[in-house]
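Trainee: Predicted model and sequence below, questions to follow.
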Amino acid sequence: MRAVSVEEAVAMIPSGASVMVGGFMGVGTPERLLDEIVRQKKAGLTLICNDAATPGKGVGKLFDAALVSRLTATHIGLNPKAQQQMLANQIAVDLVPQGTFVERIRAGGCGLGGVLTPTGVGTLVAEGKRQIEVDGKPFLLETALRAQFALVHAFLADYLGNLAYALTSRNFNPVMAMAADTVIVTAENIVPVGVIAPDHVVTPAPLVDYLITNG
């Protein structure tokens, strides 16, 4: 793990990159990284996140700046700008049931090819997907999700890069930290090694590539 400024971290993300962003409606989202992505105008992004947040908050800022070309998410219902861009064919949107979404990311982080789920069998979700029968029951094969970058927000990070999360801001951050080639982290508090008890570490340091300095 290396400590870097937010400017240095975002400079490593090219336009057109695939990026996972933690958070649920802006809770547990690395706002400083998103602000810098907007400032540096990183365009054409393939965005993988739970939702489109709302205008001006969380990943909503990326839609405000028209920096997204493709979105994989579970819903976009509270962001009218994302809806408008989808309807105008300015972004491609892949809507995924929420449980399937997180399991596909977990599969990507664990080196699996995908997961079998009954969710979506017999619906529009099943179009173009392999259906596999197990013990007489139909399942869809949902392929693993990975990204070039994961932008993660933690409550605590220590000097090695071990992470702990606070309450619901934990949400998608831990699984995304496993499913990307490069993991960039912001933390509300950066503390000495040992402050986070070993059994309270959720994301271990070897998964973290860059930690954004505070101050």
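Mentor: Okay, I see it. Numbering: from 1, shown residues only.
Trainee: and the gap between the closest residue to residue 11 other than its chain neighbours and residue 20?
Mentor: Once flanking residues are discounted, residue 11 sits nearest to residue 40: 6.9 Å by Cβ to Cβ, 6 or more residues apart in numbering. Where you see a C-beta, it was placed from the backbone N, CA and C, and this is true even at glycine. To residue 20, residue 40 is 18 Å away according to Cβ to Cβ, to the nearest Å.
Trainee: got the buried residues for the helix ranked longest in the chain?
Mentor: The longest helix of the chain (DSSP state H) is helix 98-109. For helix 98-109, the neighbour count (16 or more other Cβ atoms under 10 Å) marks 100-109 as buried.
Trainee: How about stretch 111-124?
Mentor: 114-115, 117, 119-120.
Trainee: Of these, which belong to strands?
Mentor: The strands, defined by DSSP state E, take in 114-115, 117 from the buried residues of stretch 111-124.
Trainee: what sits against residue 35?
Mentor: Shown in contact with residue 35 (Cβ atoms under 8 Å, 6 or more residues apart in numbering): residue 61.
Trainee: how close does it sit to residue 57?
Mentor: Residue 35 is 11 Å from residue 57, by Cβ to Cβ.
Trainee: Equivalent analysis for residue 48, please.
Mentor: Taking Cβ to Cβ, one finds residue 48 at 18 Å from residue 57.
Trainee: Check residue 163 too.
Mentor: From residue 163 to residue 57 the distance is 23 Å (Cβ to Cβ).
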